[in-house]
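Student: pasting the sequence and the predicted coordinates here, then a few questions.
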Amino acid sequence: MNDTRDAVEEEQPIGELTTRTMAMPADTNASGDIFGGWVVSQMDIAAGIAASQCAMERVVTVAIDSMTFIRPVKVGDVMCVYSNVLRVGRTSVTLSIEAWALRHRFGYREKVTNAQFTFVAVDDNGKPIVISEEQRAKYNKA
């Protein structure tokens, strides 16, 4: 393994592929890189999908922790977001989210950012509700 690209290609995403979308010119900053806010938005969408499927309820984002931007996303990259449920609490779901860029639509894959997202299950009025014991048991294997 002589170059960085070989090392990058050895690392694999953790979790389930949840969303894929292409970075477009309208999403760039003045330097030509994709805005960090766009990246966070794509991660929040994927995390919300995974959390709601886990809780089997409506969920809302309550926290984003440990966000690390590793590499920039460029126009034409396909952003692949992977989710991994870490914990299901009484009303909350915590996930590890990784974003990987498939360079130039079909090139090599690089991890670009990761974070931990926490969601709370809510009713139609936005009040926290309990996630069923059955759903919690599916994800909290001791």
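Tutor: Nice, I can see it.

Student: what's the longest helix anywhere in the chain packed up against?
Tutor: Determined from DSSP state H, the single longest helix within the chain is helix 36-55. Other helices and strands packing on helix 36-55, by 3 or more Cβ pairs under 8 Å, 6 or more residues apart in numbering; DSSP states H and E, are strand 16-22, strand 58-69, strand 78-88, strand 92-102, strand 109-122, helix 133-139. Every residue, glycine included, has its C-beta placed from N, CA and C.

Student: per-residue confidence averaged over that helix?
Tutor: Across helix 36-55, the average pLDDT comes to 97.

Student: now the angle from it to strand 58-69?
Tutor: In terms of direction (axes from the mean of the first three to the mean of the last three Cα atoms, to 10 degrees), helix 36-55 departs from strand 58-69 by 140 degrees.

Student: flag every buried residue along helix 36-55.
Tutor: 38-40, 42-44, 46-48, 50-55 (16 or more other Cβ atoms under 10 Å).

Student: for stretch 25-33, same thing?
Tutor: So, applying 16+ other Cβ under 10 Å, buried residues of stretch 25-33: 27-28, 33.

Student: and which of those residues is nearest to residue 59?
Tutor: residue 27 (25.2 Å; Cβ to Cβ).

Student: pLDDT wise, what is residue 3 at?
Tutor: Reading off the model, residue 3 has pLDDT 49.

Student: got the contact list for residue 100?
Tutor: Residue 100 makes contacts with 13, 79-82, 109-112, as judged by Cβ atoms under 8 Å, 6 or more residues apart in numbering.

Student: could you identify the buried members of the residues you listed?
Tutor: Here, 16+ other Cβ under 10 Å leaves 13, 79-82, 109-112 buried among the contacts of residue 100.

Student: adding distance to residue 97, write those residues out as CSV.
Tutor: CSV is the format used below for the buried ones among the contacts of residue 100 (distance: Cβ to Cβ, whole Å):
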residue, distance to residue 97
13, 10
79, 12
80, 11
81, 6
82, 7
109, 16
110, 16
111, 11
112, 12
